[in-house]
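Asker: Below are the sequence and a predicted model; questions follow.
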Amino acid sequence: MFFKLFLGLLLLAALGSAGWYFRDDPDLRRWLHLQQAAPGAPMGGAAPSGAAPTAAPAGLHKCRSGAKVVYTSEPCPPGSVEQPIQGGAVTVVPGQAPPAAAPAEKSKAPLNQAMEKLAK
């Protein structure tokens, strides 16, 4: 009796572990007729407090040009295609000033010294 109970619990644990391991597999989700939940959405696919789960922040555009993706508050530049923003979170950080450029003479000095040493 104890052996049957032990094997049953072991089988249940193995099936639970396999289900957890393959929980995001598209074939398994299709077989179980499950939909992928949007990131940050509560379990069950309900929209948080009346908002649509895929609603993009106002004025945000996702622009794709080849393999490059740019998020901007301006309309997409020519040559790029605007795509819908799906899930995730957007964090805006203040920009940083670029470092001051070194004078041209100083940046060429090490190169000139190296070329002189190689010429000898």
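Answerer: Okay, I see it.
Asker: Tell me how far Phe2 lies from Ala13.
Answerer: Separation of Phe2 from Ala13 (C-beta to C-beta, to the nearest Å): 16 Å. Glycine gets a C-beta too; all of them are placed from N, C-alpha and C.
Asker: tell me the domain boundaries of this protein?
Answerer: For the chain, automatic domain parsing gives the domain ranges 1-36, 54-87.
Asker: List the buried residues for the shortest one?
Answerer: For domain 54-87, a neighbour-count test (16 or more other C-beta atoms under 10 Å) marks 56, 61-63, 76, 80 as buried.
Asker: Lowest-confidence entry in the residues you listed?
Answerer: pLDDT across those is lowest for Ala56, at 57.
Asker: Per-residue pLDDT of Glu82, please?
Answerer: pLDDT recorded at Glu82 is 91.
Asker: Start the count at 51 instead of 1 going forward.
Answerer: Understood, numbering begins at 51; the last thing we discussed is Glu132.
Asker: ok but it is inside a strand, no?
Answerer: Yes: looking at Glu132 with DSSP: H, G, I helix; E, B strand; the rest coil, it is inside a strand.
Asker: Quick check, central residue of the protein?
Answerer: What sits nearest the mean C-alpha location of the chain, by C-alpha atoms, centre = their mean, is Gly138, with 7.5 Å.
Asker: can you list the weak-confidence ranges in this protein?
Answerer: 84-108, 152-158 (pLDDT under 70).
Asker: In it, what residue spans correspond to strands?
Answerer: For the chain, the strands defined by DSSP state E occupy 111-115, 118-122, 131-133.
Asker: what inclination does the second one have with respect to strand 111-115?
Answerer: With axes from the mean of the first three to the mean of the last three C-alpha atoms, to 10 degrees defining the directions, strand 118-122 sits at 160 degrees from strand 111-115.
Asker: Remind me what strand 118-122 packs against, helices and strands.
Answerer: Judged by 3 or more C-beta pairs under 8 Å, 6 or more residues apart in numbering; DSSP states H and E, strand 118-122 is in contact with strand 111-115.
Asker: Can you list the strands that the strand it packs on pairs with?
Answerer: Sheet pairing for strand 111-115, assigned by DSSP bridges, gives strand 118-122 (antiparallel), strand 131-133 (antiparallel).
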